[in-house]
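J.: A predicted structure for the sequence below; I have some questions about it.
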Protein chains: 2
Amino acid sequence: MPGGGVVDGDLIARVLLTRVFEPGDETAGRWLREQGAPEVARRLREGGAALPGVSGTRWAGLLARAGRAEPRRDLDLAHEAGVRFVRPGDGEWPAQLDDLGDARPLGLWVRGRPSLRVWALGSVAVVGARACTEYGAHMASVLAAGLAERGWVVVSGGAYGVDGAAHRAALGAGGATVAVLACGVDRPYPRGHTELIARIAEQGLVIGELPPGDHPTPCRFVQRNRVIAALTRGTVVVEAALRSGSLVTARAALRLGRHAMGVPGPATSGRSAGVHELLRGEAVLVTDAAEVVELVGAMGELAPPRRGPVLPRDLLDPAARRVLAALPGARAARPAEIAFGARTTEDEAIARLYELRSLGYVERHGDGWKLTRQAVISVRTDRGPC
Amino acid sequence: MPGGGVVDGDLIARVLLTRVFEPGDETAGRWLREQGAPEVARRLREGGAALPGVSGTRWAGLLARAGRAEPRRDLDLAHEAGVRFVRPGDGEWPAQLDDLGDARPLGLWVRGRPSLRVWALGSVAVVGARACTEYGAHMASVLAAGLAERGWVVVSGGAYGVDGAAHRAALGAGGATVAVLACGVDRPYPRGHTELIARIAEQGLVIGELPPGDHPTPCRFVQRNRVIAALTRGTVVVEAALRSGSLVTARAALRLGRHAMGVPGPATSGRSAGVHELLRGEAVLVTDAAEVVELVGAMGELAPPRRGPVLPRDLLDPAARRVLAALPGARAARPAEIAFGARTTEDEAIARLYELRSLGYVERHGDGWKLTRQAVISVRTDRGPC
């Protein structure tokens, strides 16, 4: 279908381009910024003249990849697998990814119910060594559980070691977690985490830049880390050897004006050497979730305490409105009770509760959730004085 | 001998006042600054009118202490025990203690051969928990040995745990170490460190503000820490629980414009919690001696590399000149060889080598010592062009 995808505009063009360009390709980003995705896609599909600054050999390679791409089929396959494609300008697009400039992802493939945009607003990355020690796994778990209990979304890379411990602890605390993969989101990597990643997709979000079926490569792991850094309020590194990929994430976070944090360990442990190096720079030492939250701050930008929730109830989507309505007026309720009241599943209820938290309507309270003071006031105001 | 000591001037007055005032008494410091030690001593010995800002009860207590004081006997006892009294204005007085302002010690009782002033110029404090873990003891040893090997003087408090490990490692590396006690320097505390403190006095220095025979008290331990902080270029804390005395030393160091450093440990260890608190503030994380030295810097103020040693050879004291002359021109030599050449003991040779290092003449080289490039040039210059 030469040129066929192009007339369908930006969506088809971007899906096609995820098959052509590697993540983080800034030359591609510049072309898109200057010419728009449809035009770049058209030139690649029609085999036009090389775009500026690209060698003949590279251009031929890109043309070949574009020729093999089947964007409509990718979208169909994704749709069947419950995967959606979220791109800049979409309501669900996390605007903070725009901070990546020309290295901004072309779009993100997303599995899971919650709104990526809303969840990302109250998220923290917990990353670290694959081959972590027991201490590292313990610290990742304690931090992630503590963050989840405080209503924060735990973002990580789905890998063995620290990442896995962080995801599991967030899930275990009935919390929110997002796995950012360096491969197609339909193709869990590592294989040993197939079940874990499926659980994350059920209760949270599994996202990635790469189109369905794509494999991870060393370069893709590195580029994936910039997405983790840009998506979150801050990155906590729990155990990392010198030259570990987690340090890339933390340094990217600093470059992007996010917080970089590190969990100390014994000075004698090579698995902590990278973290210590980081802590000798601009990163902040943290030993528990409270210290992380102290740094990344309350989610005040969205929910200024004096002014009530930012988004009026009427503008919430119907599922979120039902969950909000299911919360008791004065006490906390568990997700199961809220889900029952909202006539939905517990996973769906949790997804919506985290959205509502980011918007300032609800807060965690032990094992349960309750309306914030601001939400109660706003509900009263909605109802008028009588 | 009422008033008898007073006519002997500042020395006798200060020795007397170390029996009257507790270390760090800033009111006493102000009196001394305003009226001079002899006048303050005179009023206390003659039972004159109370000094400004002191209650009648307190004044009576001070008078009683002054009445019991026997400064000449203290000096005689000290002399017999090989202890000297170094006071502001003396050639051996470490000028950096003046940064303590009115909390400056009245003087210091000193056991050991080396010049306190010269040694203090190239010194770093390594302090920490008495009840340290094996990890803490290990880190204290590794750091102190590394500092000693680089020619730095290791200062600590002579206590069990981290302090003891630091002193022992410095001695073991054939290095320089100073114990700052919170009691009379003739009265080793803790008793279990009697032998260690004796070894420090042989190979290094044992110093303190308190007159012979005085006991340590909690308050004296705290005040002792300000001396450690002021004396050194920086303070490294190796394991410290929250509210540990070592944190007092580190915070005093920061207030005095010195470097405060901390060795990280597991976030799960209460013995590292105080260090981590410190590292979340202005202190710098360090994991080895090289990082400590990187921070406290080369001893450049005294030995600017381009200008050769600051103090001309002629002004060195004879013992130091003999040791300098015993160094081979081009290669490194061990302390035993240098001591043989200088016709002195190995301990004396080491004491002088550290002085010469602070003055820019020599540097450590593995197990041995050699002339610095600057010293070689300066020797050539001394001899003239022919």
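T.: That came through, no problem. Numbering: from 1, shown residues only, chains lettered A, B, ... in the order given.

J.: for chain B, what are the nearby residues on the stretch 151-300 of chain A?
T.: Contact residues, the stretch 151-300 of chain A versus chain B (CB under 8 Å from any CB of the partner chain): A:263-268, A:272-273, A:276, A:279-280, A:284-288, A:291. C-beta coordinates here come from the backbone N, C-alpha and C atoms, glycine included.

J.: quick one: contacts for the closest residue to chain B within chain A?
T.: Closest residue of chain A to chain B, CB to the nearest CB: A:P264 (3.4 Å). The contact partners of A:P264, by CB atoms under 8 Å, 6 or more residues apart in numbering or on different chains, come to A:272, A:275-276, A:279, A:285, A:287, B:264-267, B:272, B:276, B:279, B:285.

J.: Enumerate the residues of the stretch 1-150 of chain A near chain B.
T.: A:Y135, A:H138, A:M139.

J.: Give me the buried entries from the residues of the stretch 151-300 of chain A next to chain B.
T.: A:263-267, A:272-273, A:276, A:279-280, A:284-288, A:291 (16 or more other CB atoms under 10 Å in any protein chain shown).

J.: Nearest residue to A:R334 in space, please, no chain neighbours.
T.: The shortest distance from A:R334 to any non-neighbouring residue, by CB to CB, 6 or more residues apart in numbering or on different chains, is to A:G368 (4.7 Å).

J.: Distance check, that neighbour against A:G175.
T.: Separation of A:G368 from A:G175 (CB to CB, to the nearest Å): 13 Å.

J.: Among these two, which residue is more densely surrounded?
T.: Using other CB atoms under 10 Å in any protein chain shown as the criterion, A:G368 and A:G175 rank with A:G175 on top: 24 against 19.

J.: and A:G164, what is it in contact with?
T.: Applying CB under 8 Å, 6+ apart, the residues near A:G164 are A:G158, A:H193, A:L196.

J.: Now name the helix or strand holding it.
T.: helix A:162-172 (DSSP states H and E).

J.: buried sites along the helix or strand just after that helix?
T.: As assigned by DSSP H and E, the chain's next helix or strand after helix A:162-172 is strand A:177-181. Counting neighbours by 16+ other CB under 10 Å, one finds that the buried residues in strand A:177-181 are A:T177, A:V178, A:A179, A:V180, A:L181.

J.: and the residues you listed as JSON lines, adding pLDDT?
T.: JSON lines is the format used below for the buried residues of strand A:177-181 (pLDDT from 0 to 100):
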{"residue": "A:T177", "pLDDT": "97"}
{"residue": "A:V178", "pLDDT": "98"}
{"residue": "A:A179", "pLDDT": "98"}
{"residue": "A:V180", "pLDDT": "98"}
{"residue": "A:L181", "pLDDT": "97"}
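
J.: with those in mind, which one is nearest to B:D163?
T.: Taking CB to CB as the measure, B:D163 lies nearest A:T177 of the buried residues of strand A:177-181, at 45.3 Å.

J.: what's around the residue nearest to that closest one when sequence neighbours are not counted, how many residues?
T.: Take A:T177 and drop its neighbours on the chain: the residue closest to it by CB to CB, 6+ apart is A:A170, 3.9 Å away. For A:A170, the count of nearby residues is 30 (other CB under 10 Å).

J.: ok now do A:A170, which residues does it touch?
T.: By CB under 8 Å, 6+ apart, the residues touching A:A170 are A:A144, A:A145, A:L147, A:A148, A:V153, A:V154, A:A176, A:T177, A:G204.

J.: Just give me how far stretch A:333-347 sits from the chain centre.
T.: For stretch A:333-347, the separation from the chain centroid amounts to 24 Å (computed by CA atoms, centre = their mean, to the nearest Å).

J.: Great, nothing more from me.
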